[in-house]
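1. Let's see this in three dimensions:
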Amino acid sequence: MTLHDDGRRRAAAALDGQSPCIAEARRLAAGFLARMRTEYRTPVSQRAVELTQLVVSELVTNARKYASGPILLDLRIADDLVEVQVWDSDPALPVVRATDAGRVGQHGLEIVRAVCQSVEAVRESVGKRMTARLALTDPAGHEPWT
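-> Numbering: from 1, shown residues only. The predicted model follows:
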């Protein structure tokens with residue numbers, strides 16, 4: 001993994017697409033949000049950290065599964081959201097499947113859509129970019145995870 005940190009409220013990594021890249025991406029997300037808390041005093045709930053790691057894991061897993069080659073991960077703070085972008089070389093946009101509790105696997109995009117404020121997939125000149133946005137703080141009245 002190659003990490004680029006421009007000293008602002010952003011971090012990016014080029015992942016090689018090999019097996020440990022998912023764990024590396026999760027660590028990067030947790031470290032990025034921890035840094036946002038300490039260095040920038042950005043309010044970030046523990047729930048936001050855990051959900052961001054989940055979203056990163058699902059998006060990087062899909063990129064690794066369906067595309068060959070490198071994966072680019074970009075994390076940014078935008079107002080009261082964390083924006084997770086994952087680029088891969090496969091131009092095919094993901095298809096959201098109908099909910100099916102009996103289906104084994106292939107629920108990643110359903111999960112991402114359920115926990116995010118927004119999710120979008122954009123085909124680029126090479127590959128595609130998935131962008132997911134999550135709240136940095138818990139909704140009013142939400143009991144934090146214990």
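
2. What separates the first and last residues of stretch 72-88, distance-wise?
-> For stretch 72-88, the first-to-last residue distance is 7 Å (CA to CA, to the nearest Å).

3. Would you indicate which residues of it are buried?
-> In terms of neighbour count (16 or more other CB atoms under 10 Å), stretch 72-88 has its buried residues at 72-77, 81-88. Using the backbone N, CA and C atoms, a C-beta is placed for each residue, glycine as well.

4. Residue nearest the middle of this protein, spatially speaking?
-> The chain has residue 56 as the residue nearest its centroid, 3.0 Å off, counting by CA atoms, centre = their mean.

5. Quickly find the element holding residue 130.
-> Using DSSP states H and E, residue 130 sits within strand 128-135.

6. mind listing what that strand pairs with, with the direction of each?
-> With DSSP bridges as the test, strand 128-135 is paired with strand 81-88 (antiparallel), strand 118-123 (antiparallel).

7. In TSV, list these along with mean pLDDT and distance to residue 97.
-> Formatted as TSV, the strands paired with strand 128-135 follow (pLDDT from 0 to 100; distance: least, CB to CB, whole Å):
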stretch	mean pLDDT	distance to residue 97
strand 81-88	97	19
strand 118-123	97	14
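
8. Pipe these into JSON lines and attach distance to residue 42 per row.
-> Shown next, in JSON lines, are the strands paired with strand 128-135 (distance: least, CB to CB, whole Å):
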{"stretch": "strand 81-88", "distance to residue 42": "9"}
{"stretch": "strand 118-123", "distance to residue 42": "19"}
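
9. Compare those and give me the one nearest residue 134.
-> Nearest to residue 134, of all the strands paired with strand 128-135, is strand 81-88, at 5.3 Å by CB to CB.

10. Could I get the buried residue list for the first helix or strand past that closest one going along the chain?
-> Following strand 81-88 in sequence order, the next helix or strand is helix 108-115 (DSSP H and E). Along helix 108-115, these residues count as buried under the neighbour rule (16+ other CB under 10 Å): 108-109, 112, 115.
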